[in-house]
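Chemist: sequence-free structure coming up:
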């Protein structure tokens, strides 16, 4: 079984620590890095090449839609799951159109039993599916 390599990007150390602790309980998930500053995100993705990026939508110094678009253009194999307290439809649709693989309200992202982030392979030219009420997770 292939190990899923995850990078955590959140400006709150406590959140990164909690999420990392949760993910480390899974034998096939490896947390390969953590970043708390938006300015370090792109270079770190380039350096460690994770399979999945769990991305806080509201890191200071970042426009998450632009970040998702840039990352998907440079790393089409990267699955990006955006975590946010906001769930306005137009915001979610913008993220998915930018190339994010999924979106989860942070209040529910880790509360479901057996919740897991699994990257789905997608060709570089693929477009995300239109958002539905389920938000394409």
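Modeler: Looks like it arrived, so ask away. Since we're looking at a predicted model, the values are computed, not measured.

Chemist: from here on, contacts and neighbour counts on C-alpha atoms
Modeler: OK.

Chemist: remind me which residues of this protein are low pLDDT?
Modeler: With pLDDT under 70 as the threshold, the chain has low-confidence stretches at 107-137.

Chemist: so which residues of it form helices?
Modeler: 13-23, 38-48, 64-74, 89-98 (DSSP state H).

Chemist: would you turn those into a markdown table with distance to residue 54 and mean neighbour count?
Modeler: Listed next are these as a markdown table, based on distance: least, C-alpha to C-alpha, whole Å; neighbours: other C-alpha atoms under 10 Å:
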| stretch | distance to residue 54 | mean neighbour count |
| --- | --- | --- |
| helix 13-23 | 9 | 15 |
| helix 38-48 | 11 | 15 |
| helix 64-74 | 11 | 19 |
| helix 89-98 | 13 | 19 |
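
Chemist: got a markdown table for the ones you listed, with distance to residue 80 too?
Modeler: Converted to a markdown table, those look like this (distance: least, C-alpha to C-alpha, whole Å):
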| stretch | distance to residue 80 |
| --- | --- |
| helix 13-23 | 15 |
| helix 38-48 | 11 |
| helix 64-74 | 7 |
| helix 89-98 | 10 |
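
Chemist: between the ones you listed, which gets nearest to residue 5?
Modeler: Minimum separation from residue 5 across the helices of the chain (C-alpha to C-alpha) falls at helix 38-48, 9.2 Å.

Chemist: which other residues reach the closest one?
Modeler: By C-alpha atoms under 8 Å, 6 or more residues apart in numbering, the residues outside helix 38-48 that reach it are 7, 9, 11, 32, 33, 35, 59, 60, 61, 62, 71.

Chemist: which among these end up buried?
Modeler: Among these, the ones that count as buried by 16 or more other C-alpha atoms under 10 Å are 7, 9, 11, 32, 33, 35, 59, 71.
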